[in-house]
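1. quick one, fold the following:
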Amino acid sequence: MIGDVTVISGPTAVGKGTVVAELRRRHPQVWVSVSATTRRPRPAEVEGEHYLFLDDAAFDQLIASDGLLEWATVHGSARYGTPAAPVRAAVAAGKHVILEIDLQGARQVFQHLDGVRSVFIAPPDRDALRQRLVGRGTETPEQMERRLVTAEQELAAAGEFEHVIVNDDLGSTVGRLVDLLGL
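-> Have a look, this model is predicted:
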């Protein structure tokens with residue numbers, strides 16, 4: 001492997017996307033994989049920037065052609081996955097590659113790629129996580145409860161990661177990540 005790959009994971013609503021966006025803003029040389037999903041876009045999400053929004057048939061084709069490094073059904077509703085070709089190209093080009101993915105996907109990547117750095121983003125506490133999820137205002141009460149159950153399972157898996165960074169303040173969280181990545 002020429003470049004390096006860092007998997008960033010953590011529970012729903014912990015702020016992974018915000019942390020990664022700020023990392024990219026500070027260090028534009030970092031290459032962040034764009035995940036594919038079968039869910040509908042949220043307000044302000046841009047195709048190809050936030051996600052690749054695919055229908056079920058297109059997602060099935062990626063699976064059938066071995067075109068995903070990992071994939072999973074998340075929160076019992078939509079599928080998410082990491083397209084393999086762009087990641088392999090970025091690694092071959094010597095880039096710092098970031099995969100911001102859920103726990104299921106992280107576990108698959110750990111099995112298929114050697115030398116992957118693993119970072120778990122954790123909330124300061126469970127109340128902060130609940131407040132962040134409620135504050136997003138993007139889920140129904142039923143979806144929110146399902147995500148909170150999933151979050152409990154994800155929090156229990158923090159020990160599977162080499163590094164745990166508590167997202168208590170965006171600036172200091174990104175600073176700890178920058179130090180860890182050697183940027």
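2. going forward, measure contacts between C-alpha atoms and count neighbours the same way
-> OK.
3. show me where the protein has helices.
-> Taking DSSP state H as the test, the helices found in the chain are 16-26, 56-64, 84-92, 103-112, 126-136, 141-155, 170-181.
4. closest one to residue 9 among those helices?
-> For residue 9, the closest of those is helix 103-112, at 6.1 Å, according to CA to CA.
5. need the helix or strand of this protein with the lowest average pLDDT.
-> Ranked by mean pLDDT, DSSP states H and E, the helix or strand of the chain with the weakest confidence is helix 126-136, at a mean of 75.
6. the helices of the chain: lowest mean pLDDT?
-> Between the helices of the chain, the lowest average pLDDT goes to helix 126-136, which shows a mean of 75.
7. distance from that helix to the middle of the chain?
-> Helix 126-136 sits 18 Å away from the centroid of its parent chain (CA atoms, centre = their mean, to the nearest Å).
8. show me what that helix packs onto, helices and strands only.
-> Contact partners of helix 126-136 among helices and strands, from 3 or more CA pairs under 8 Å, 6 or more residues apart in numbering; DSSP states H and E: helix 141-155.
9. number of residues surrounding residue 165?
-> 19 (other CA atoms under 10 Å).
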